[in-house]
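*Asks:* Output the structure for:
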Amino acid sequence: EDVPSQTFDNKDYFCGKETFPVYESIFTEEGETIRKIAIEIEKPPQIEIHVWTIRKGILRHVYVEKLSKREFEGLPYFKLITRTTLSQWKIFSEGEAQISQMCESRVCRTELEDLVKVLYLEKSEKGHC
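*Replies:* Got it, this is the predicted structure:
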């Protein structure tokens with residue numbers, strides 16, 4: 001039997017931890033793939049966007065942008081992919097820093113995919129938090 005997810009004040013909670021929406025945008029431009037992963041944070045209210053430039057499977061450039069929610073709403077192509085906790089986002093950010101150094105000179109497609117999977121929360125069974 002399905003247990004409805006807990007919600008408090010219209011915010012999603014995961015094992016008592018607040019979760020935040022994560023968005024993704026992927027597009028190809030002049031032989032490069034630009035992949036953007038964004039999280040919406042409430043305090044301060046902003047969007048943090050991690051931008052990866054990938055050419056022939058090699059991570060060429062990584063940088064972070066911070067935008068207001070209003071600026072973000074005007075951007076095309078972003079779609080909601082999951083919700084995550086701030087602790088998982090921290091793991092993602094630290095892993096990104098390691099991968100950006102490791103993948104400057106070699107193909108790292110699987111490492112990048114595995115890093116994004118960190119943001120997806122496993123649904124816990126009732127009482128297993």
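*Asks:* ok, now which ones touch the nearest residue to Phe72 once chain neighbours are set aside?
*Replies:* Nearest residue to Phe72 in three dimensions, chain neighbours excluded: Ile47, at 4.1 Å (Cβ to Cβ, 6 or more residues apart in numbering). For glycine as for every other residue, the C-beta is placed from the backbone atoms N, C-alpha and C. The neighbourhood of Ile47, defined by Cβ atoms under 8 Å, 6 or more residues apart in numbering, consists of 38-41, 66-69, 71-72.
*Asks:* now Ile99
*Replies:* Contacts of Ile99 were listed using Cβ under 8 Å, 6+ apart, and they are 59, 108, 111-112, 115.
*Asks:* So which of these sits lowest on pLDDT?
*Replies:* In terms of pLDDT, Cys108 ranks lowest among those, with 83.
*Asks:* give me the number of residues near the closest residue to that one other than its chain neighbours?
*Replies:* Spatial nearest neighbour of Cys108, excluding adjacent residues (Cβ to Cβ, 6+ apart): Leu59 at 5.7 Å. Residues contacting Leu59 under the criterion other Cβ atoms under 10 Å number 25.
*Asks:* Am I right that Leu59 is in contact with Gln98?
*Replies:* No: between Leu59 and Gln98 there is no contact under Cβ atoms under 8 Å: 11.4 Å.
*Asks:* on that earlier part again, so for the helix or strand where the residue nearest to Cys108 lies, what gets flagged as buried?
*Replies:* Following DSSP states H and E, one finds Leu59 within strand 58-67. Counting neighbours by 16 or more other Cβ atoms under 10 Å, one finds that the buried residues in strand 58-67 are 59, 62.
*Asks:* Show residues contacting that strand.
*Replies:* Contact with strand 58-67 is made by 32, 46-54, 75, 96, 99-100, 103-108, 112, as judged by Cβ under 8 Å, 6+ apart.
*Asks:* Quick check: next helix or strand after it?
*Replies:* Past strand 58-67, the next helix or strand by DSSP H and E is helix 69-73.
*Asks:* helices or strands up against that next one?
*Replies:* Here helix 69-73 touches strand 32-41, strand 46-55, going by 3 or more Cβ pairs under 8 Å, 6 or more residues apart in numbering; DSSP states H and E.
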